[in-house]
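>>> need coordinates for the below:
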Amino acid sequence: MMEKSTIEIEVENALKVLKAGGTILYPTDTIWGIGCDATNVRAVENIYKIKQRAESKSLIVLVDSFEKIGQYVAKVPDITFDLVSGVEEPLTIVFSNAKNLAKNVIAPDKSIAIRIVKNIFCQKLLQQFGKPIVSSSANISGEATPLYFNKIDKEIIQKVDYVVKVGQDNFKEVKPSKIIRINEDGSYEIIRN
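Presented below is the predicted three-dimensional model:
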């Protein structure tokens, strides 16, 4: 029998927590994120509590493939595929008319920010979980975004239900994703470059 890799073990551990409605601290293709099941209202409430953030501020959700976007957005504008396939760096897209997500993960204007992840750990976790996961920067609201695991506030680490043990020693320069809002007519605007 083959031994499980660290990633496989950590995916299993994180899955148990997500399925139980818990929160995880995990590496993404950008900065470290605080995550939970994006369809679970209570789990999402816990993210806002951990971050001491107003629920009126929307959150980003992660999916593992382009095909999954249509499950959480009423209409995926045609230009979306070109935008997603045309960039190498992480790209978060804000769509109108979110659906099938926890109501408190959707912005007051009914929009949702979605990113397709390329990070191997996130890909495996999302594929096995089968639902989108919230990804919010691992900081108290209003404080600086930590670029490395060892810069994350101890208070955050203590409040999440599980800390993933993959990528903690990665010191490669990272930054938050680029954010684009796509309107239903296919026009778009860059929110964060």
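>>> going by C-alpha atoms from here, please, whenever you check contacts or count neighbours.
OK.
>>> dead centre of the protein: give me the residue that sits there.
residue 135 (2.6 Å; C-alpha atoms, centre = their mean).
>>> got a list of what that one touches?
By C-alpha atoms under 8 Å, 6 or more residues apart in numbering, the residues touching residue 135 are 33-36, 59-62.
>>> low-confidence ranges in the chain?
Flagging of the chain using pLDDT under 70 yields the residue ranges 1-2, 56, 173.
>>> and the helices in it?
If DSSP state H is used as the criterion, the helices of the chain fall at 6-19, 41-51, 79-85, 120-129, 154-159.
>>> how about these in CSV, adding mean neighbour count?
Below are the helices of the chain laid out as CSV (neighbours: other C-alpha atoms under 10 Å):
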stretch, mean neighbour count
helix 6-19, 18
helix 41-51, 19
helix 79-85, 13
helix 120-129, 18
helix 154-159, 14
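>>> to residue 107, which of those lies closest?
helix 41-51 (12.8 Å; C-alpha to C-alpha).
>>> what's the neighbour count on residue 117?
22 (other C-alpha atoms under 10 Å).
>>> who does the residue nearest to the centre of the chain form a beta bridge with?
residue 60 (DSSP bridges).
>>> quick one, which of the helices of the chain is nearest to residue 193?
Using C-alpha to C-alpha, the nearest of these to residue 193 is helix 79-85, at 13.7 Å.
>>> wait, isn't residue 21 in contact with residue 38?
No - using C-alpha atoms under 8 Å, residue 21 is not in contact with residue 38; the gap is 9.8 Å.
>>> of the two, which one has the most company?
residue 38 (27 against 20).
>>> OK, contacts around that one?
So residue 38 contacts 44, 61, 101-102, 105, 131-134 (C-alpha under 8 Å, 6+ apart).
>>> dump those to TSV, plus distance to residue 162.
Shown next, in TSV, are the contacts of residue 38 (distance: C-alpha to C-alpha, whole Å):
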residue	distance to residue 162
44	15
61	18
101	22
102	21
105	21
131	18
132	18
133	14
134	14
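>>> quick one, strands of this protein?
24-26, 33-35, 60-63, 91-95, 112-116, 133-137, 162-163, 178-182, 188-192 (DSSP state E).
>>> which other helices and strands contact the fifth one?
Okay, so that is strand 112-116. Packing contacts for strand 112-116, counted by 3 or more C-alpha pairs under 8 Å, 6 or more residues apart in numbering; DSSP states H and E, involve strand 60-63, strand 91-95.
>>> tabulate the CA atom coordinates of it in CSV.
What follows is strand 112-116 as a C-alpha-only set of coordinates in CSV (Å, rounded to 0.1, in the frame of the first residue of the first chain):
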residue,chain,number,x,y,z
ILE,A,112,-20.2,37.2,-5.7
ALA,A,113,-16.5,37.2,-6.2
ILE,A,114,-15.2,33.9,-7.5
ARG,A,115,-11.6,32.7,-8.2
ILE,A,116,-10.6,29.5,-9.9
